[in-house]
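J.: the amino acid sequence is not available; the structure is as follows:
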């Protein structure tokens, strides 16, 4: 059975170019880097991007130690993104 893409329920990174009204409007984000569950798609420029009729999802998750990660895909159903140390993180991340 194919899994569906986990959606971004809320994004508190309001300075991100894809954020409109605490919703993410890019097609998909990538989560994770060597330091934390970082939203690698977080973009802080003056130009707004994305599509107003799209609610973003998690396209890939590199946090293999997260309990929601299966084969580098997010299985959380939905996630929340928040600000941490000047960047956006997946706050749904839970260590296995």
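T.: Thanks, I have it. The shown structure was predicted, so the numbers you read here are calculated from the model rather than taken from an experiment. Numbers count the residues shown, from 1 in each chain.
J.: in the longest strand belonging to the chain, what's buried?
T.: As assigned by DSSP state E, the longest strand anywhere in the chain is strand 78-84. Buried residues in strand 78-84, counted by 16 or more other CB atoms under 10 Å: 79, 80, 81, 83, 84. Yep, even glycine has a C-beta here, placed from its N, CA and C like the rest.
J.: distance of the third one from residue 62?
T.: Separation of residue 81 from residue 62 (CB to CB, to the nearest Å): 15 Å.
J.: how about the first one?
T.: Residue 79 is 14 Å from residue 62, where distance means CB to CB.
J.: count of residues packed around the residue lying closest to residue 27 once chain neighbours are set aside?
T.: In this structure, residue 27 finds its nearest non-sequential neighbour in residue 54, 6.1 Å apart by CB to CB, 6 or more residues apart in numbering. Residue 54 has 14 neighbours, counted by other CB atoms under 10 Å.
J.: got the confidence number for residue 54?
T.: Looking at residue 54, its pLDDT reads 93.
J.: what of residue 3?
T.: Per-residue pLDDT puts residue 3 at 65.
J.: check residue 80 too.
T.: 98.
J.: residues in contact with it?
T.: 8, 9, 10, 11, 12, 90, 91, 92 (CB atoms under 8 Å, 6 or more residues apart in numbering).
J.: just list whatever residues bridge to the fourth one.
T.: This means residue 11. residue 81 (DSSP bridges).
J.: going forward can the numbers begin at 441, since that is how I track them
T.: Done: numbering now begins at 441, and the last item shifts to residue 451.
J.: so where's this structure shaky on pLDDT?
T.: 441-443, 474 (pLDDT under 70).
J.: so which residues of it form strands?
T.: Under DSSP E, the chain gives strands at 447-451, 459-460, 463-464, 468-471, 497-501, 509-510, 513-514, 518-524, 527-530.
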